[in-house]
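Colleague: predicted model, plus sequence, below.
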Amino acid sequence: MTKVVIVDGGGSVVFKVVGPTGAEHRRLANRVMEETLNGAGLAFDQITYLIATGYGRINVPFADTQVTELSCHAKGVVSLFPGVKTAIDIGGQDAKGLKIRKGRLVDFVMNDKCAAGTGRFLEVVADVLGLKMEALGDISLEATKKITISSVCTIFAQQEVITHLSDGVPLPDIVAGLHYAIANRTARMVRRLRIEPDVVFTGGVAKNVGVVNALRDSIGLNILVPQEPLFTGALGAALLGKERAMKAIVSGERLDIKERKLEEATFFE
Amino acid sequence: MSSSLMAMAWFLGVDIGSGSSKGVLILNTEPQAYHWIPSGFNYREAAQQLRELLLAKVGISSEEVTNTVATGYGAASASYSDLNVADIRCCARGINYLFPLVRTVIDVQGMSTQVIRVNGEGRVINFAVSERCAAGSGRFLNIMANVLRIDLNDVGLLSLKSRNPVNFTTGCAVFGESEAISRVSEGASKEDILAGVHKALADKISGLVSRVKLVMECAISGGGGLNVGLVKSLEEKLQIELQVPPEPQFVNALGAAVIASTTTPISEVNYRFKPMDEDAWP
């Protein structure tokens, strides 16, 4: 997904939009940007500074600069929860843990090599169960007992789910088991950072109440979730952009910005 | 000694795999019949059916089988077996029966890959397992064959026609599937994608090989051994020549039958167990 956040000079969110990145070539950033500008009632040249982040950040030709998702996430999380020491982010294709000390990112762990433990895991199994990914959280709350998913690999977990279904295991129990599988895997990875409260959980998967509960059980600490966990990285990028622009204005330096023209990414061989 | 003076004893080895069930019947020490069927969703039924078909092939009844050994993912479903033996031990015995000089076997199965170091008696010295990661097993090829709508039996040959193999950036079957789809939409040929898939699989397997230390000669077994593309990619990656059995997918079932024909299979447990760090794979 592509998320766009616009903040004003005071750091308050003016408008935000989430839209598809597009399976093919990730060329849709310009459309989400356009939608956000329209929603905010702003012309593109009213944007002082624009930072792109995330996996597809190089595919945003109209961004003034790119910043890694780790820095942006840290910035976004700290702005929402100043007391954060451990941030966990599970997105569609990766999972990461951030160690934050006095508002600064000091260490991180990351899995972007294996679909297990990422949102993709839930997407694939939701498909097998014939459920929408958004529905998984509520369904899992009806579980009477959770089953154990022994496969780490997403592909084999899919097979395991089919076996459980044919054995007549109730759907909520299976879904709860899947939530614990992803939570345990994430907790095991993040534990390498020595988890300290406050623990904040962000990313699309943090919208799933079942995973939030499972992660709380796995880690044994209370978990804070922002109202809109999907936007943390984009919010951080916007705030970093605001800081850079303010700094330039105060010091009288020239801001290096691109021509304000919305265009889609093109690819050169 | 003439065979008429020897007792006639039948031994059965069955390998109930995640994808297919294989069985070998041996008479004294000579294999007499091979058979395989898809495992389907009911391993118990598959195991039963496999035995019936094998017995019918040589015209004997189940009472005439002296000893039966079962192995594979669904071994527990072969309720008629006298003993269940880990696939690693069966593979070692099977390959030793076929190639006595082999000291390293790469067993590429539907759900995992194992690299096994074998001694001259067919005992396991050391091994490394891929811990059921689809990208490190034959399952990866299955998934890609589905994506590209190609018969699994053709993926190896097709990959050999590649001129410009696609470089996969991921070692995960799920992410690899998406990557293959975007490469197709960018115009990459099926041959080039398949060559890239074989290369990615060979890279993963070579990581396992280096963990047990390769000793020649080296053989490949399991369904992966049927794939000429994988054999070639592995040979290139490891810079060696692989021994390929004529029916590589039957090696474990053969090994099970050989173990069934030995009287004290329990004495074979004296190999070093080397547990693997789960985080190291992938």
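Modeller: Okay, I see it.

Colleague: near chain A, which residues of chain B are found?
Modeller: On the criterion C-beta under 8 Å from any C-beta of the partner chain, chain A has as its neighbours in chain B the residues B:18, B:41, B:111, B:131-135, B:139, B:143, B:170-175, B:178, B:181-182, B:185-186, B:278, B:282. From N, CA and C alone the C-beta is placed, and that goes for glycine too.

Colleague: narrow these to just the buried residues.
Modeller: Neighbour-count burial (16 or more other C-beta atoms under 10 Å in any protein chain shown) applied to those gives B:18, B:111, B:131-135, B:139, B:143, B:170-175, B:178, B:282.

Colleague: and stretch B:30-41, what's buried?
Modeller: For stretch B:30-41, by 16+ other C-beta under 10 Å, it's B:31-36, B:39.

Colleague: let me know the helix or strand that A:Asp107 is in.
Modeller: Element membership of A:Asp107 [criterion: DSSP states H and E] is strand A:104-111.

Colleague: which residues touch the helix or strand that comes right after that strand?
Modeller: With elements assigned by DSSP H and E, the helix or strand that comes after strand A:104-111 is helix A:119-129. Residues from elsewhere that reach helix A:119-129, judged by C-beta atoms under 8 Å, 6 or more residues apart in numbering or on different chains: A:90-93, A:115, A:132-133, A:135-136, A:154-155, A:157-158, A:161-162, A:165, A:171, A:174-175, A:178, A:181-182, A:203-205, A:208, A:211, B:174-175.

Colleague: ok, back up a step: and the strand holding A:Asp107, what other elements does it pack with?
Modeller: Counting contacts by 3 or more C-beta pairs under 8 Å, 6 or more residues apart in numbering or on different chains; DSSP states H and E, strand A:104-111 is packed against helix A:69-80, strand A:95-101, helix A:171-190.

Colleague: closest one to A:Gln227 among these?
Modeller: Closest of those to A:Gln227 is helix A:69-80, at 8.6 Å (criterion: C-beta to C-beta).

Colleague: extract the C-alpha trace of the closest one and format it as PDB.
Modeller: Output of helix A:69-80 as PDB, limited to C-alpha atoms (Å, rounded to 0.1, in the frame of the first residue of the first chain):
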ATOM      1  CA  GLU A  69      11.800   3.400   6.300                       C
ATOM      2  CA  LEU A  70      13.700   2.700   9.600                       C
ATOM      3  CA  SER A  71      14.400   6.400  10.200                       C
ATOM      4  CA  CYS A  72      10.900   7.400   9.200                       C
ATOM      5  CA  HIS A  73       9.200   4.700  11.300                       C
ATOM      6  CA  ALA A  74      11.300   5.700  14.400                       C
ATOM      7  CA  LYS A  75      10.300   9.400  13.800                       C
ATOM      8  CA  GLY A  76       6.700   8.600  13.400                       C
ATOM      9  CA  VAL A  77       6.500   6.300  16.400                       C
ATOM     10  CA  VAL A  78       8.300   8.700  18.700                       C
ATOM     11  CA  SER A  79       5.900  11.500  17.700                       C
ATOM     12  CA  LEU A  80       2.900   9.400  18.700                       C
END
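
Colleague: what's next to that helix, contact-wise?
Modeller: By C-beta under 8 Å, 6+ apart, the list of residues contacting helix A:69-80 reads A:11, A:51, A:53-55, A:57, A:84, A:87, A:89, A:96, A:98, A:100, A:103-105, A:108, A:200, A:202, A:226, A:231-237, A:239-240.

Colleague: in strands only, show me these.
Modeller: Using DSSP state E, A:51, A:87, A:89, A:96, A:98, A:100, A:104-105, A:108, A:200, A:202 are the members of these that sit in strands.

Colleague: ok, which pair from these is furthest apart?
Modeller: The largest separation in the ones in strands among the contacts of helix A:69-80, counting by C-beta to C-beta, is between A:Ile51 and A:Val200 at 21.2 Å.

Colleague: show me the residue sitting in the middle of the chain in space.
Modeller: This is for chain A. Taking C-alpha atoms, centre = their mean, the centroid of chain A lies closest to A:Gly203, which sits 2.7 Å from it.

Colleague: meant chain B actually
Modeller: Short answer for chain B (C-alpha atoms, centre = their mean): B:Gly222, at 2.1 Å.

Colleague: counting neighbours, what do you get for B:Leu152?
Modeller: B:Leu152 has 16 neighbouring residues, counting by other C-beta atoms under 10 Å in any protein chain shown.

Colleague: now do the contacts for it.
Modeller: Going by C-beta under 8 Å, 6+ apart, the list of residues near B:Leu152 reads B:141-142, B:145.

Colleague: dump those residues to a markdown table, plus secondary structure and pLDDT.
Modeller: A markdown table is the format used below for those (DSSP: H, G, I helix; E, B strand; the rest coil; pLDDT from 0 to 100):
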| residue | secondary structure | pLDDT |
| --- | --- | --- |
| B:Leu141 | helix | 89 |
| B:Asn142 | helix | 87 |
| B:Ala145 | helix | 89 |
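
Colleague: most neighbours among those residues, which one?
Modeller: B:Leu141 (27 neighbours).

Colleague: tell me how far that residue lies from chain A.
Modeller: Here the criterion is C-beta to the nearest C-beta, to the nearest Å. By it, B:Leu141 lies 12 Å from chain A.

Colleague: apart from its chain neighbours, what residue comes closest to that residue?
Modeller: Nearest-residue entry for B:Leu141: B:Val155, 5.6 Å, with adjacent residues in sequence omitted and distances by C-beta to C-beta, 6 or more residues apart in numbering or on different chains.

Colleague: quick one: the one you found and B:Asn227 touch, right?
Modeller: Yes - B:Val155 is within contact range of B:Asn227, at 6.7 Å (criterion: C-beta atoms under 8 Å).

Colleague: wait, isn't B:Thr29 in contact with B:Ser261?
Modeller: Yes - B:Thr29 lies in contact with B:Ser261 (C-beta under 8 Å); the separation is 6.4 Å.

Colleague: and these two? Which one has more around it.
Modeller: B:Ser261 (21 against 12).

Colleague: which SS class is A:Val152?
Modeller: coil (DSSP: H, G, I helix; E, B strand; the rest coil).

Colleague: tell me how many other residues crowd it.
Modeller: A:Val152: 20 neighbours (other C-beta under 10 Å).

Colleague: surely it meets B:Glu131?
Modeller: Yes - counting by C-beta under 8 Å, A:Val152 touches B:Glu131, with 7.2 Å between them.

Colleague: number of nearby residues for A:Lys3?
Modeller: Neighbours of A:Lys3 using other C-beta under 10 Å come to 22.

Colleague: try the one 3 residues further on
Modeller: The burial metric for A:Ile6, expressed as a neighbour count using other C-beta under 10 Å, is 23.

Colleague: does it belong to a helix, a strand or coil?
Modeller: A:Ile6 - assigned by three-state DSSP - is strand.

Colleague: name the residues of whichever strand or helix holds B:Ala46 that come out as buried.
Modeller: Assigned by DSSP H and E, B:Ala46 falls within helix B:43-58. If you call a residue buried by 16+ other C-beta under 10 Å, then helix B:43-58 has these buried ones: B:43, B:46-51, B:54-55.

Colleague: for it, what is the average pLDDT?
Modeller: Taken as a whole, helix B:43-58 has an average pLDDT of 92.
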